[in-house]
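the sequence and its predicted three-dimensional model are supplied below.
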Amino acid sequence: MAQSLYGSKVFKPKPPDKGSFPLDHEGECKQPMEVYMKCLYDHKYNNTECRLEAKDYLDCRMQKELMAKADWSKLGYKDLDERRTSEKEHPKPS
Amino acid sequence: MLLPIRDAMRRLPSFTPNLLSKSPPGWNRCSRCLIAEFHAVARPRGWQDQARKISGDRKILPTAIEMGRSPACSLLQRSLALGIYTQIGSIRFIGNPGRSGPRNHLTERQQFASRTTLNYVCAVIITVLGLSYAAVPMYRMFCQVTGIGGASNLAQHGDEKVEALQKVTDRALKIVFTADTASHLQWNFKPVQREVTVFPGETALAFYTAENPTDRHIVGISTYTVLPFEAAKYLNKIQCFCFEEQRLNPHEKVDMPVFFYIDPEYVNDPWLIKADTITLAYTFFEAKDGMKFLPQGTPSPHNRVTPSTGAAVEPA
């Protein structure tokens, strides 16, 4: 957030809501990250197309204890979560 | 011997309040000056009150009330020369001879009224000044109680807000990522993707890479800047790698994710109507003991700095 002090703007950084990601020293979640990056590259860096891959990456982090487990709705992936549960209940005929 | 005196006594002035039209009997008014004289053998009793009545509210100068000492006035001198009467004195009136009525001299009631008005006005001025000084702590107290202050629509944040996010589909924003290191820090720090297109209200993930090419452990700590400044309050980070000491082993390369979203209120900000590009710039510094960018006590599950002392605590 910025406040102006005698006309000049001063930037005050905000801390993140859930704190900091611990570093992935072993590279355990490198593979989902590569998948996500490729998806971004393919879709011209449009985030909307690649939300599923991002969700997979965060899922990997949660599995490997590199991120605190949280509901998908609290991370803004409520729609993807509902789509997955509805698919599980009503599997589409392939 | 008594006869002329009696005659003179009969010619005692009878005072009329108006000097304009003609002088009262016994009074002679000099045409050139403001002196009105009365000639009498003796000063009439109560001449002061009568003079005051004549003068109205004009000030009476008793300067000339002396025997024959009226300042240069032809009438007076003539009368002296004639020696008909002994000029007892003259009373000088100040003010415009063509006017009657009060001019310079305010009555007591008017004086009281003006003084009261002055007091009221001064009190109002002091009250307003006092209110403006008192407004600062009062506003602070008001904000603490009600929680309204600054960007009130962004007052709720955290999980509830993320849950309630609604994606805004008609405005696409481009987030550009830049990475910087301080000159002493020997890391290779760069973003994996140069930019990402995102909609407000949608959570997004972005990556930075940091590599430690040296043979020693280096601990870094980062901070960020958002440009334009007005957009900074809309970029909410859910989780990132800033403000925490990050330790890199020698010859190690890590991915650092940033999980964020743009507040949907972004589209309602009049300052940001034309701003479709936001730059998120991270800078890494080498961490020294006791260095921290956040105020003490900021809650974080991975906060390795003890809030009370500020000293870095090594993980077990």
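Now that the structure is in, tell me what you want to look at.

mind listing what's buried in stretch B:177-188?
Of all the residues in stretch B:177-188, those buried under the rule 16 or more other Cβ atoms under 10 Å in any protein chain shown are B:177-179, B:181, B:185-187. No exception for glycine: its C-beta is placed from N, CA and C like everyone else's.

farthest pair in those residues?
Of all pairs drawn from the buried residues of stretch B:177-188, the one with the longest distance (Cβ to Cβ) is B:F177 and B:Q186, at 21.2 Å.

in which helix or strand would I find the residue most central in space within chain A?
Computing the C-alpha centroid of chain A and ranking residues by Cα atoms, centre = their mean puts A:A54 first, at 4.8 Å. Secondary structure assignment for A:A54, by DSSP states H and E: helix A:51-63.

run through who's touching that helix.
Outside of helix A:51-63, the residues within contact range by Cβ atoms under 8 Å, 6 or more residues apart in numbering or on different chains are A:21, A:24, A:28-29, A:31-33, A:35-36, A:39, A:47, A:67-70, A:72, A:75, A:77, A:80, B:202-205, B:257, B:259.

give me the buried entries from the residues you listed.
The neighbour-count criterion (16+ other Cβ under 10 Å) marks A:21, A:24, A:29, A:32-33, A:35-36, A:39, A:47, A:67, A:70, A:72, A:75, A:77, A:80, B:202-205, B:257, B:259 among the contacts of helix A:51-63 as buried.

tell me which of those fall in helices.
Here DSSP state H is the test, and those give A:32-33, A:35-36, A:39, A:80 as lying in helices.

check the residues you listed against chain B, which are close?
A:33, A:36 (Cβ under 8 Å from any Cβ of the partner chain).

of the ones in helices among the buried ones among the contacts of helix A:51-63, closest to B:Q111?
Proximity of these to B:Q111 was ranked by Cβ to Cβ; the top entry is A:L80 with 84.5 Å.

okay, and B:T283 sits in which element?
If you go by DSSP H and E, B:T283 is part of strand B:277-286.

in that strand, which residues are buried?
The neighbour-count check on strand B:277-286 (16+ other Cβ under 10 Å) flags B:278, B:280, B:282-286 as buried.

same check, this time on stretch A:15-27
For stretch A:15-27, a neighbour-count test (16+ other Cβ under 10 Å) marks A:15-24 as buried.

out of those residues, which are close to chain B?
A:15-24.

can I get those in CSV including pLDDT?
Written out in CSV, the entries for these read as follows (pLDDT from 0 to 100):
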residue, pLDDT
A:P15, 79
A:P16, 81
A:D17, 80
A:K18, 80
A:G19, 79
A:S20, 82
A:F21, 80
A:P22, 83
A:L23, 83
A:D24, 82
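
list just the nearest of those to B:Y266.
A:D17 (17.3 Å).

gap between that closest one and A:T48?
The spacing between A:D17 and A:T48, counted by Cβ to Cβ, to the nearest Å, is 22 Å.

what's the answer for B:E245, then?
According to Cβ to Cβ, B:E245 stands 34 Å off from A:T48.

residue ranges for the strands of the stretch 201-316 of chain B, please.
Taking DSSP state E, counting those that start in this stretch, the strands of the stretch 201-316 of chain B run over residues B:203-212, B:218-227, B:235-239, B:245-248, B:252-262, B:277-286.

about what we covered before: the buried residues of stretch B:177-188 in strands, which ones?
Assigned to strands by DSSP state E, the following of the buried residues of stretch B:177-188 qualify: B:177-179, B:181.

identify, from these, the entry nearest to chain A.
Taking Cβ to the nearest Cβ as the measure, chain A lies nearest B:F177 of those, at 10.4 Å.

pLDDT wise, what is the closest residue to that closest one other than its chain neighbours at?
Excluding the flanking residues, the one nearest B:F177 by Cβ to Cβ, 6 or more residues apart in numbering or on different chains is B:P191, at 3.8 Å. In this prediction, B:P191 carries a pLDDT score of 92.

give the contact list for B:P191.
Contact analysis of B:P191 by Cβ under 8 Å, 6+ apart lists B:177-179, B:206-209, B:282.

beta partners for it?
Beta-bridge pairing of B:P191 under DSSP bridges involves B:Y208.
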